[in-house]
Structure formats: structure tokens, C-alpha cells
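K.L.:
predicted model follows, preceded by the sequence.
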Amino acid sequence: MTLDYIISISGPMLEGAKMTILLFFIAIIASIPLGFLLTLAVKSSFKPLSWLAQAYIYIMRGTPLLLQLLFICFGLPMIPVIGEYLVLDRFVAASLGFVLNYAAYFAEIFRGGLLAIDRGQYEAAQVLGLNKWQTTAKVILPQMFRIALPAVANESITLVKDTALLYAVAVPELLHFAQTAVNRDFTIVPFFVAGVIYLAMTLLLTAFFKWVERNFKFD
């Protein structure tokens, strides 16, 4: 295949990559705060809330993301009585599925970060006269985010690759345009081009998180 052919198929695929990038940012911006709230819920002294949060995390992490996407896109509208009110745009439904799924994973990452903080940090904060909220904001959270950052970076890279699941719910993203070109032209070159685009996105994301680790010490 010529360079002209690669250039010709790259245009539509880059358009599809815009959808991939949009989903990534929506999922990251919404799922990280939601994941942190789930972590707080799990650690809540109000047991029903803690049990509910743990059950949610178990279900979302224990079932395939693809199944969750299919349920939100095609299952919710089939629910008797209320189904007609649960019909969502495919991209909106997929974004909701990604946010709900990744929030559960980020919740576990943040919980692990909290568990890794030495108990002596809490005691030292008490000695310094810090109240509960000051201890959380100035001592615990900065350390938790620093500990959790590598795992958050890894999960974020996984999210970029998981966006390919949009193809399964008929949202025209990068992989959709690659498959269309393969079917039309009977060549696997579009798959290689798609792979290069995915690698470029993950490379940029990896570089960003390395920059964050170098420049923000969270203390």
C-alpha cells in the first residue's frame, strides 16, 4: 500500500479518534471524583452505606465492561413501564457505562492508597493539634494521591484502550473507521494505522503522568 493510501484512511480514523479522546476525558473527569466518593462511602461508619458501596464496587469490577455497556444501551430501554424513559443516545449511554465502571476501579485504587498510609501519620497530626478535616486535607489526601498516582496512570492508559468497546455499541470511533477500511479495501493496513494512533495516545498519556510525578510531589 502506498503512502497516499495511508494518508487517505488516516483522515477518517483521526476523526474517529476525536470520539475516543472525548470519551476518555469524560470518563476521567467524572469517574475519579466519583471513585473518591465511593472510597469515602466504603470507609463510612454508617454500615448500610458502606455495604452498598462495597456491593456496587464488587458488581462493577466483577462483570465485564462490555456487558455493562450493552445493558445500558440496549437493556435499560427494555425495562417494563420505565424503559421508554431510559432510552439514551449511544455515546451518552457509553459514557455513563465507562464512568460507572471506572469509578469502581478508582475507588479501590484510592482505598489502597489510604491503607498504605502509616497510622503514625494520623497520630502525628493529632500531636500537631490538627482537627479531623485538617488532618484529611493537609496530611492524608496528599499522601493518598501520591501513592495512588502510578495506579491511576496505569488505569488511565487502560481506559484509552477500552474505548475501543464503543465499536460494540455502534458508536463511530477509531476502531469503527479502521474496520470499515479493512472491509472495503481487503487489507489489514488500517489495523496497523489504528494501532499506531492508539500507541501515540498512550505515549502522550504516559509522558503526561511522568511529568506529573516529577513536578507535583503532593506534599
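P.N.:
In hand now; what should we look at? Residues are numbered from 1 along each chain as shown.
K.L.:
list the contacts for A125?
P.N.:
134-135, 138-139 (CB atoms under 8 Å, 6 or more residues apart in numbering). Placement of C-beta: from N, CA and C, glycine included.
K.L.:
list buried residues within those residues.
P.N.:
135, 139 (16 or more other CB atoms under 10 Å).
K.L.:
just the ones in helices from the contacts of A125, please.
P.N.:
Judged by DSSP state H, the contacts of A125 include 134-135 as members of helices.
K.L.:
pipe the contacts of A125 into a markdown table and attach distance to E213 and pLDDT per row.
P.N.:
A markdown table is the format used below for these (distance: CB to CB, whole Å; pLDDT from 0 to 100):
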| residue | distance to E213 | pLDDT |
| --- | --- | --- |
| Q134 | 26 | 73 |
| T135 | 25 | 75 |
| K138 | 21 | 73 |
| V139 | 20 | 76 |
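K.L.:
let's have the contacts of A125 in JSON lines, adding distance to T202.
P.N.:
Shown next, in JSON lines, are the contacts of A125 (distance: CB to CB, whole Å):
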{"residue": "Q134", "distance to T202": "38"}
{"residue": "T135", "distance to T202": "37"}
{"residue": "K138", "distance to T202": "34"}
{"residue": "V139", "distance to T202": "34"}
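K.L.:
just the contacts of A125 now: which is nearest L40?
P.N.:
T135 (14.4 Å; CB to CB).
K.L.:
wait, isn't that closest one in contact with Y122?
P.N.:
Yes. The pair T135 / Y122 is scored as a contact, 6.5 Å apart, by CB atoms under 8 Å.
K.L.:
what touches both of the two?
P.N.:
Joint contacts of T135 and Y122 (CB under 8 Å, 6+ apart) do not exist.
K.L.:
quick one, helices of the protein?
P.N.:
3-42, 47-62, 65-70, 90-115, 119-127, 132-135, 141-162, 174-185, 189-215.
K.L.:
and the second one, what's buried?
P.N.:
When neighbours are counted by 16+ other CB under 10 Å, the buried residues of helix 47-62 are found to be 53, 56-57, 60.
K.L.:
among those, which two are most distant?
P.N.:
A53 and M60 (10.8 Å).
K.L.:
where does the chain have low pLDDT?
P.N.:
1, 216-219 (pLDDT under 70).
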